[in-house]
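Asker: Sequence and predicted structure are below.
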Amino acid sequence: MKLPVFFEEDRREVETALDLLLPREDVPPPPIHRAMRYSVFAGGKRIRPILCLEAARIFAEDPKPALPVACALEFIHTYSLIHDDLPALDNDDLRRGKPTCHKKFGEATAILAGDALLTLAFERLAAAPVEPARRVAIIREVAAAAGTVNGMVGGQVADLEAEGKAIAPEMLEYIHKSKTAALIRASLVAGALFGGASEADVERLRRFGQNIGWAFQVVDDILDVEESSAALGKTAGKDQAQRKATYPALYGLEKSRQMAADLGTRAISELSPYGERAGRLRELAEFLVLRRA
Ligand code: FPP
Ligand code: MG
């Protein structure tokens with residue numbers, strides 16, 4: 001299942017902006033820039049930047065100026081994938097259908113490429129063309145989402161600790177909300193802040209983001225069981241092999257599918273005040289629950 005047709009337009013704009021916002025390969029020292037570009041352009045779906053742009057579009061006529069913010073989210077996401085694949089973490093050879101960063105460039109360069117993408121994200125956020133108070137709010141939101149308290153790093157730590165153990169549903173929920181939903185939620189909040197949304201609207205987009213981000217990781221768990229490595233562009237069946245804490249492991253496939261669908265419905269209900277202005281975001285949310293890769 002492909003992204004909805006009109007998202008192709010957003011995706012193209014994101015690709016162009018990513019290219020402009022990353023140092024060129026020949027900028028010294030070239031090896032790090034080669035590795036950063038390799039992983040960023042390995043073929044991601046660009047879900048987080050597109051969510052950011054579409055959240056901005058609800059509140060602003062033209063979401064294009066939000067592209068540096070959108071791209072910063074993709075830099076952070078790519079850093080997290082590079083580090084997640086390292087031998088010390090999930091130890092994977094395949095990502096986005098290509099050899100992982102450390103397989104291609106070695107572990108030292110992959111660690112540094114991840115560090116550099118995270119740092120570059122904040123450099124670009126700091127220069128985003130938006131009123132300073134909103135810029136600071138965006139930076140704070142994104143930093144917290146990438147961090148340890150209910151954020152991506154915290155979720156990743158809990159995910160590693162849960163391997164091979166029987167865990168409570170609350171812990172599984174914490175892992176999914178932190179390691180995956182936090183950054184997706186921040187993408188929507190950042191877009192809304194950039195677009196000039198009111199406090200109440202920012203909170204609405206936050207709830208939308210939390211639920212769609214949570215659903216996204218439940219679907220990711222389901223796809224790991226149901227799809228092939230070729231379809232996913234990463235090693236399928238890995239969760240079970242590593243005895244990861246997942247929704248299918250705890251609830252079975254059918255209940256997991258129902259839970260993802262319910263979270264999607266709850267997310268979409270937050271968009272009702274925006275009518276057609278949120279049409280694209282609604283369609284994107286539906287895609288995220290029904291996707292096959
Ligand atoms: C796939 O996204 C990625 C996830 C579902 C997130 C999993 C969470 C982590 C890997 C957290 C790692 C954190 C640290 C700190 C190492 P996607 O389907 O959008 O991938 P794509 O960009 O390749 O399309
Ligand atoms: Mg992992």
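Answerer: Sure thing, it's come through. Ligands and ions are numbered 1, 2, ... in the order given.
Asker: what are the ranges of the strands in the protein?
Answerer: Along the chain, counting by DSSP state E, strands occupy 94-95, 98-99.
Asker: Partner strands of the first one and their direction?
Answerer: Sheet pairing for strand 94-95, assigned by DSSP bridges, gives strand 98-99 (antiparallel).
Asker: Next, see if the partner strand gets close to ligand 1.
Answerer: No: counting by C-beta under 6 Å from any ligand atom, no contacts exist between strand 98-99 and ligand 1, the nearest distance being 10.4 Å. Using the backbone N, CA and C atoms, a C-beta is placed for each residue, glycine as well.
Asker: tell me which residues in stretch 284-293 are buried?
Answerer: Buried residues in stretch 284-293, counted by 16 or more other C-beta atoms under 10 Å: Leu284, Ala285, Glu286, Phe287, Leu288, Val289, Arg291.
Asker: An error on my part: the question was meant for stretch 194-204.
Answerer: Phe194, Gly195, Ala197, Asp201, Val202, Arg204.
Asker: residue ranges with poor pLDDT in the stretch 51-200 of the chain?
Answerer: Counting by pLDDT under 70, the stretch 51-200 of the chain shows no low-confidence range.
Asker: and the strands of the chain, which is most packed in?
Answerer: With neighbours taken as mean count of other C-beta atoms under 10 Å, the strands of the chain reach their highest mean count in strand 94-95, at a mean of 21.
Asker: How about it and ligand 2, touching?
Answerer: No: judged by C-beta under 5 Å from the ion, strand 94-95 and ligand 2 are separated, with a smallest distance of 11.2 Å.
Asker: got the contact list for that strand?
Answerer: Ser39, Ala42, Leu81, Asp85, Thr100, Cys101, Ser229, Gly233, Lys234, Thr235 (C-beta atoms under 8 Å, 6 or more residues apart in numbering).
Asker: Ligand 1 contacts on the stretch 151-293 of the chain?
Answerer: Met152, Val153, Gln156, Lys179, Thr180, Gln217, Asp220.
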